[in-house]
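> Build the 3D model from these lines:
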Amino acid sequence: QYRRGDTAHFKVILRTIKENRYEVPAGAQVDVLVEDSTSKPLFQKSMPFSSFGTIHADVTLPVNAALGYYSISVRSPGANRYQANGGFHVEEYKKPEYEVKVTPTKPRVLQGDAIEATIEARYFFGEPVANANVTYVVHTSRYWSPFFERDEDDEGGESSDDASEGEGYDYGGQELSEQSGKLDANGRLTVHIPTEPDEHHLDLRYRIEARVTDEGNREISGHNYVLATYGSFQVGISTDTYVISTGDTIDATVSAKDYDGNPIKTPVRVSMVRYRWEGRQETETTLSSQDAQTDESGNAHIQIKPTESGGLTLKVTAQTPEGREVRSTTWIWISGPETEPWWFTGESRSIRIIADKKSYKPGDTAHVVVMTGIPESYLMVTTEGRDIQSKQVVHATSAAPSIDIPIRTDNQPNVYVSVAFWKDNRFYESSKNLKVPAVQQKLQIDIQPSQKQFQPGQKARYDLNVRDADGKPAIGEFSIGVVDEAIYSIYPD
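This next block holds a predicted model:
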């Protein structure tokens with residue numbers, strides 16, 4: 001976000017793809033074009049790129065520059081052309097004069113206890129925004145613990161490493177309340193938000209957003225989060241595979257931890273449960289159960305012998321000191337020659353693909369169960385990234401055949417397994433995303449300022465330490481930007 005007369009800085013990272021791998025492009029130069037919102041060229045130059053495949057440049061914006069979106073286009077000369085596009089905005093704006101913060105007394109409460117938080121508005125030069133009007137809105141959404149892996153088929157779709165952070169995490173949640181108040185002479189307002197135990201025994205994340213309007217009728221907002229837990233600790237259950245054959249034993253691990261990740265020693269009960277839909281009602285049948293105790297590390301190892309095939313659920317429960325039952329589940333498929341997926345009814349059919357692990361590494365073999373519901377079929381199975389990496393026709397002689405997928409380096413960071421077949425003149429298809437993290441490409445970056453606070457006009461020094469996945473020093477290019485924090489109130493980074 002720039003103003004007229006500013007200098008815009010940009011950097012371009014160039015890569016080509018060869019055999020599903022990124023490479024620094026061959027050649028020496030690229031053509032760079034920057035156009036304003038009226039498509040008028042503002043910067044046009046042929047530029048060399050570095051040995052790391054990067055270019056960077058500065059563009060001084062005229063004082064009468066057109067407002068709107070400015071495009072940056074990069075093109076390679078010659079027959080093997082490639083391109084990259086980006087851009088930035090030029091607008092007339094006034095930087096916010098104050099910021100709004102929401103500070104909870106505690107980052108975590110037990111459901112049933114009230115949340116206490118302080119809303120504070122202060123000008124960037126330090127003075128409070130006194131006696132301003134404030135509206136605060138509370139949303140709730142399900143909280144996923146970072147201490148337990150999450151099944152991909154859980155509510156909300158596939159998880160990611162940063163699913164619990166960032167803008168928009170709770171915007172799909174439920175609005176709980178909207179209330180108004182007034183800041184005091186110190187620019188503060190303390191609010192109390194009630195919570196209730198969740199009927200489904202779920203942990204909830206409360207998002208508190210405060211919108212403050214000053215005397216000039218300018219509104220600035222800020223938000224924060226509070227975790228409301230169902231119990232004082234949590235449990236989880238996992239298996240080393242999602243798919244086993246009839247007659248095999250399930251090896252399951254139960255974990256109990258508090259919300260700081262510390263182990264909890266507690267009695268637990270593990271049950272094997274079958275869920276079925278009967279009409280519009282889901283029924284739950286407990287097939288077997290056994291009691292166990294987590295050890296000093298918070299873990300218990302359980303062996304379970306399934307008594308039937310098909311899709312079953314492992315459920316772990318425990319009692320907290322508050323007398324509440326905390327629980328967790330995981331899903332497992334017991335394959336058998338005559339197994340028919342229970343969700344196939346009437347004329348409606350679909351394919352479900354189940355991988356035996358959450359993620360893989362090169363050299364692994366993914367064992368994928370394809371539940372077609374068809375006793376015999378010919379399946380077209382492909383692995384796909386940017387293009388089709390492999391293809392095979394599989395003669396399936398059961399309703400849930402298992403297919404082996406070798407995992408290669410060029411499958412990183414993920415590969416899609418797609419399955420398609422014809423039956424009774426109808427076409428069926430589905431795909432599954434297999435995660436193959438490129439852990440060897442990750443960098444460990446540490447940045448330290450020479451001091452915690454600087455005065456205007458004073459030079460600041462930062463020490464940057466970069467290491468590769470093995471902890472060895474890494475050589476490369478980096479970019480650093482220094483931005484007035486007030487800008488992020490207008491346009492988040």
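
> can you name the farthest residue from the center of the chain?
residue 64 (41.6 Å; C-alpha atoms, centre = their mean).

> What's the local residue count around the residue lying closest to that one once chain neighbours are set aside?
Nearest residue to residue 64, sequence neighbours excluded (C-beta to C-beta, 6 or more residues apart in numbering): residue 4, at 6.8 Å. All C-beta atoms are positioned from the backbone trio N, CA, C, and that covers glycine. Residue 4 has 14 neighbouring residues, counting by other C-beta atoms under 10 Å.

> Let's see the pLDDT reported for residue 4.
Note for residue 4: predicted pLDDT of 94.

> and what of residue 16?
82.

> and the residue lying closest to residue 307 once chain neighbours are set aside, what helix or strand is that in?
Closest residue to residue 307 apart from its sequence neighbours, by C-beta to C-beta, 6+ apart: residue 287 at 5.5 Å. Residue 287 is part of strand 281-293, with elements assigned from DSSP states H and E.

> Note down every partner strand of that strand and its orientation.
According to DSSP bridges, strand 281-293 forms sheet pairs with strand 267-278 (antiparallel).

> Could you export the partner strand as PDB, keeping only the C-alpha atoms?
Extracted in PDB, the C-alpha atoms of strand 267-278 (Å, rounded to 0.1, in the frame of the first residue of the first chain):
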ATOM      1  CA  PRO A 267      -7.500 -43.700  34.000                       C
ATOM      2  CA  VAL A 268      -9.000 -44.000  30.400                       C
ATOM      3  CA  ARG A 269     -11.500 -46.200  28.700                       C
ATOM      4  CA  VAL A 270     -11.000 -47.200  25.000                       C
ATOM      5  CA  SER A 271     -14.100 -48.400  23.100                       C
ATOM      6  CA  MET A 272     -14.600 -49.700  19.600                       C
ATOM      7  CA  VAL A 273     -17.700 -48.200  18.200                       C
ATOM      8  CA  ARG A 274     -19.800 -48.800  15.100                       C
ATOM      9  CA  TYR A 275     -21.900 -45.900  13.800                       C
ATOM     10  CA  ARG A 276     -24.800 -46.500  11.400                       C
ATOM     11  CA  TRP A 277     -27.500 -44.400   9.900                       C
ATOM     12  CA  GLU A 278     -31.000 -45.800  10.300                       C
END
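
> Which of the residues in that strand are classified as buried?
Residues of strand 267-278 classed as buried by neighbour count (16 or more other C-beta atoms under 10 Å): 268-272, 274.

> Let me know the closest of the residues you listed to residue 474.
For these, the residue nearest residue 474 by C-beta to C-beta is residue 268; the value is 43.6 Å.

> about what we covered before: go through the buried residues of strand 267-278 and name the one with the lowest pLDDT.
pLDDT across the buried residues of strand 267-278 is lowest for residue 274, at 89.

> Surely that residue touches residue 312?
Yes. Using C-beta atoms under 8 Å, residue 274 makes contact with residue 312 at a distance of 5.7 Å.

> joint contacts of those two?
Residues touching both residue 274 and residue 312 by C-beta atoms under 8 Å, 6 or more residues apart in numbering: residue 287.

> all strands of the stretch 51-200 of the chain, in order?
Secondary structure of the stretch 51-200 of the chain (DSSP state E, counting those that start in this stretch): strands at 54-60, 68-75, 83-90, 98-104, 108-110, 115-123, 133-142, 174-182, 188-193.

> just so I know, which of those strands lies nearest residue 245?
Shortest distance between residue 245 and the strands of the stretch 51-200 of the chain, using C-beta to C-beta, is found for strand 133-142: 33.7 Å.

> Convert the C-alpha atoms of that closest one to CSV, please.
Only the C-alpha atoms of strand 133-142 are listed here, as CSV (Å, rounded to 0.1, in the frame of the first residue of the first chain):
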residue,chain,number,x,y,z
ASN,A,133,-17.5,4.6,22.1
VAL,A,134,-16.8,0.9,21.6
THR,A,135,-18.7,-2.0,20.2
TYR,A,136,-17.4,-5.5,21.0
VAL,A,137,-18.5,-8.7,19.2
VAL,A,138,-17.8,-12.2,20.3
HIS,A,139,-17.6,-15.2,18.0
THR,A,140,-17.0,-18.9,18.9
SER,A,141,-15.5,-21.7,16.9
ARG,A,142,-14.1,-25.1,17.5
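
> where does the stretch 251-400 of the chain dip in pLDDT?
Along the stretch 251-400 of the chain, the model assigns pLDDT under 70 to residues 336-350.

> in the sheet, who's paired with residue 219?
Here residue 219 sits in beta bridges with residue 213, as judged by DSSP bridges.

> And the pLDDT for it?
pLDDT for residue 219: 90.

> Just list the residues touching it, thanks.
Contacts of residue 219 by C-beta under 8 Å, 6+ apart are 211-213.

> burial of residue 230, as a residue count?
22.

> how about the residue lying closest to residue 9 once chain neighbours are set aside, what does it touch?
Using C-beta to C-beta, 6+ apart and skipping residues adjacent in sequence, the residue nearest residue 9 is residue 58, 5.4 Å away. Residue 58 is in contact with 7-10, counting by C-beta under 8 Å, 6+ apart.

> if you set the cut-off to 7 Å instead, what comes out?
Taking C-beta atoms under 7 Å, 6 or more residues apart in numbering, we find residue 58 in contact with 7-9.

> now, which of those lie within strands?
7-9 (DSSP state E).

> out of the residues you listed, which are buried?
In the ones in strands among the contacts of residue 58, burial by neighbour count holds for residue 8, counting by 16+ other C-beta under 10 Å.

> and which of the ones in strands among the contacts of residue 58 is nearest to residue 466?
residue 9 (21.2 Å).

> Give me the distance between that closest one and residue 107.
Residue 9 sits 37 Å away from residue 107, going by C-beta to C-beta, to the nearest Å.

> List the beta-bridge partners for residue 205.
Where residue 205 sits in a bridge, its partners, by DSSP bridges, are residue 141, residue 227.
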